[in-house]
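A.B. asks: here is a sequence with its predicted model. Questions after.
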Amino acid sequence: MNGQVPGRRARSVATLLTVTAAVLVLGAVAGAIWAVVTPPTTGVVFKGLTRENIPTEFDGVGAFALIMFAYGGIAALVAWAAARPWRGVTGFLVPAVGTVAGSAIGAQLGMWLAGLRFDDDIAGLPLDSVYRVVPDLWLDGGTRAGHSAPWTLLICAPFAFAIIYLVCVLSSRTADLGVGDLDADHLAGAGPDATDLTSVDAASRTHP
């Protein structure tokens, strides 16, 4: 006997790291999607205009936030399904931190790719022309809607990740979340198994 519980899967750190790496890749994909669908920040060029003077439009920020919510939800489903032996606190925390890093990667990559679509360099544009620049996802200093911290958009994906992961936990039919190690923790202190009951014991319990 090796003490292995039937149906229990071996916990490999490589599995958890691979899932976290997949979460990071999903973040980059989400950033690329944002770069394709995001509307530019537009305005009229005036004398003395610099890139730092252009406030961030809500449209681009809102589009990124929605994509990050979807990214976080998908990442939670991937982590739940692919890292089954790690379901629980560790299996939640490590990929959740990965969604924060994935969001940062997605923001940086998305702004770079979107810059290929728009004339992000406004220095060479004539006065009174319309500029089209990439929305700045590092909300340092604020937007037209008010003050925002640079990390504001990084919390969208982990928030969605936590909600979807919680739904998966609550939907699990067993207390071990489907890992298969519940019996290993409870057999030692458990009472006689139901299979040890004789027919007389069963009858006495059903017919007092």
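C.D. replies: Noted; the coordinates are in hand.
A.B. asks: in stretch 30-48, what counts as buried?
C.D. replies: Within stretch 30-48, the residues that qualify as buried by neighbour count (16 or more other C-beta atoms under 10 Å) are 30, 31, 33, 34, 35, 38, 40, 41, 43, 45. All C-beta atoms are positioned from the backbone trio N, CA, C, and that covers glycine.
A.B. asks: now, which of these lie within helices?
C.D. replies: 30, 31, 33, 34, 35 (DSSP state H).
A.B. asks: quick one: the first one and residue 72 touch, right?
C.D. replies: No. Residue 30 sits out of contact with residue 72 when judged by C-beta atoms under 8 Å, with a separation of 9.2 Å.
A.B. asks: joint contacts of these two?
C.D. replies: Residues touching both residue 30 and residue 72 by C-beta atoms under 8 Å, 6 or more residues apart in numbering: residue 157.
A.B. asks: now stretch 127-135: average pLDDT?
C.D. replies: Mean pLDDT, computed over stretch 127-135, is 75.
A.B. asks: pull out the buried residues from it.
C.D. replies: 131, 133, 134, 135.
A.B. asks: with stretch 74-94 instead?
C.D. replies: Quick answer for stretch 74-94 (16+ other C-beta under 10 Å): 74-76, 78-80, 82-87, 91-92, 94.
A.B. asks: I would like the residues contacting it, please.
C.D. replies: Here stretch 74-94 makes contact (C-beta under 8 Å, 6+ apart) with 8-12, 15-16, 18-20, 22-23, 26-27, 95, 98-99, 102, 157, 160-165, 168-169, 177-179.
A.B. asks: ok, back up a step: the buried residues of stretch 74-94 in helices, which ones?
C.D. replies: Per DSSP H, helices hold the following members of the buried residues of stretch 74-94: 74, 75, 76, 78, 79, 80, 82, 91, 92, 94.
A.B. asks: look at the closest residue to the third one other than its chain neighbours and report its pLDDT.
C.D. replies: Meaning residue 76. Using C-beta to C-beta, 6 or more residues apart in numbering and skipping the chain neighbours, the partner closest in space to residue 76 is residue 164 (3.7 Å). Note on residue 164: pLDDT of 96.
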